[in-house]
Structure formats: C-alpha cells, structure tokens
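Q: quick check, what structure comes out for this input:
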Amino acid sequence: MQLIRLPRIITLNRLAILGWLIANVSVVFAQTTSDNFQGTWLSSSQKFAISNNGQQLTVRGWGSCQPEWCDWGEVPLSLIAPSVESKAYTHALAVWEKGFQTKYAVITFQKQGLLIELFTVFHDGSGRSNYRSSGLLTPELCTALAFRAPVSLG
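A: Numbering: from 1, shown residues only. Take a look at the predicted model:
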C-alpha cells in the first residue's frame with residue numbers, strides 16, 4: 001500500500017471541514033419536505049395544486065383544454081425517497097384513474113420547479129397510443145396585488 005502525502009496547505013482541520021461540507025450540504029439540497037412544494041405549479045400544458053389535508057399530501061391536476069383547464073381531480077401524492085431509511089424525498093408519484101385512461105405523474109423536485117413526467121395509458125380500445133409528456137412546472141405567481149383596491153395617500 002502506497003502512502004499518499006498531502007501538501008502542507010491541507011491540514012486536518014481543513015479536511016474535517018471539507019468532509020463535513022460534502023456530507024451535509026448534499027443532504028440539504030437533496031432533502032425535500034412537504035412544505036417545499038405545497039402550492040400551485042404551472043406550465044403551458046399542466047397545472048398542479050399540492051396541499052396537505054393534515055393526514056396526507058394531495059395533488060389536484062389539470063391539463064390544458066380550450067377555453068379552460070380540464071380538471072383531473074384530486075388524488076393522494078406519494079413521496080419517494082432513495083431508500084427505505086431515507087427521509088430525503090426526491091420524487092413523488094400521483095395516479096389519476098378515469099374509466100378510459102390512467103395518468104401517472106412522476107414528479108422530480110428541482111431548484112427551478114417541479115419536473116413532471118406524465119404517462120397516459122388508454123383503456124378504451126380506441127387504438128390511441130399510450131404516450132409520455134414532460135415539462136417543468138414553476139410556482140404560480142400571486143396576482144392578488146393586481147386586483148387590490150386603490151390606496152388613498154391623502
């Protein structure tokens with residue numbers, strides 16, 4: 001076994017600090033709690049409203065229709081971690097079952113928003129192909145300020 005010599009600049013304290021940063025900073029970025037993604041998330045083709053009813057997380061989904069959104073309904077949202085022991089949730093899964101189709105949403109939590117992979121499987125014998133779509137959903141901006149009553153400065 002060959003001994004590796006480190007330059008004098010790197011001390012044991014610096015190595016300890018570096019080790020702590022690597023171990024803890026990656027956990028902070030990977031760890032997601034339900035508070036991190038509750039709210040309404042939008043893209044041009046999908047809209048998700050994630051909430052906690054006190055017992056479980058739920059998600060209401062909408063797809064783009066004309067002239068308004070098509071409401072898929074509200075379903076449980078299951079958080080997914082990299083292992084059984086982990087509480088660092090990195091993904092979530094939601095399933096909407098309708099008579100003629102089932103939609104599976106795999107959600108990946110990212111700094112920019114929610115990356116959604118949506119798989120649609122048809123059960124109606126129509127001959128349509130099952131398909132996959134994906135997109136980034138970003139938080140819905142609050143529009144309440146645009147509709148506030150005028151404020152008197154006098």
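Q: which SSE is residue 75 in?
A: Taking DSSP states H and E as the definition, one finds residue 75 inside strand 70-76.
Q: what lines up beside that strand in the sheet?
A: strand 57-63 (antiparallel) (DSSP bridges).
Q: just the mean pLDDT for the strand it pairs with, thanks.
A: The average pLDDT within strand 57-63 is 95.
Q: before we move on, back to that, quick check: next helix or strand after the strand holding residue 75?
A: strand 78-80.
Q: what packs against that following strand?
A: Judged by 3 or more C-beta pairs under 8 Å, 6 or more residues apart in numbering; DSSP states H and E, the packing partners of strand 78-80 are strand 91-97. (Glycine included, C-beta is placed from N, CA and C.)
Q: quick one: the strand holding residue 75 to strand 91-97, angle?
A: 120 degrees (axes from the mean of the first three to the mean of the last three C-alpha atoms, to 10 degrees).
Q: of all the residues in strand 70-76, which ones are buried?
A: For strand 70-76, burial by neighbour count (16 or more other C-beta atoms under 10 Å) applies to 72, 75.
Q: and residue 108, what element?
A: Per DSSP H and E: strand 101-110 holds residue 108.
Q: just the CA coordinates for that strand, please, in PDB.
A: Extracted in PDB, the C-alpha atoms of strand 101-110 (Å, rounded to 0.1, in the frame of the first residue of the first chain):
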ATOM      1  CA  GLN A 101     -57.400   6.300 -19.200                       C
ATOM      2  CA  THR A 102     -54.900   6.300 -16.400                       C
ATOM      3  CA  LYS A 103     -52.400   9.100 -15.900                       C
ATOM      4  CA  TYR A 104     -49.200   8.500 -13.900                       C
ATOM      5  CA  ALA A 105     -47.300  11.600 -12.800                       C
ATOM      6  CA  VAL A 106     -43.700  11.200 -11.700                       C
ATOM      7  CA  ILE A 107     -42.600  14.400 -10.100                       C
ATOM      8  CA  THR A 108     -38.900  15.300  -9.600                       C
ATOM      9  CA  PHE A 109     -38.100  18.100  -7.200                       C
ATOM     10  CA  GLN A 110     -35.600  20.600  -8.600                       C
END
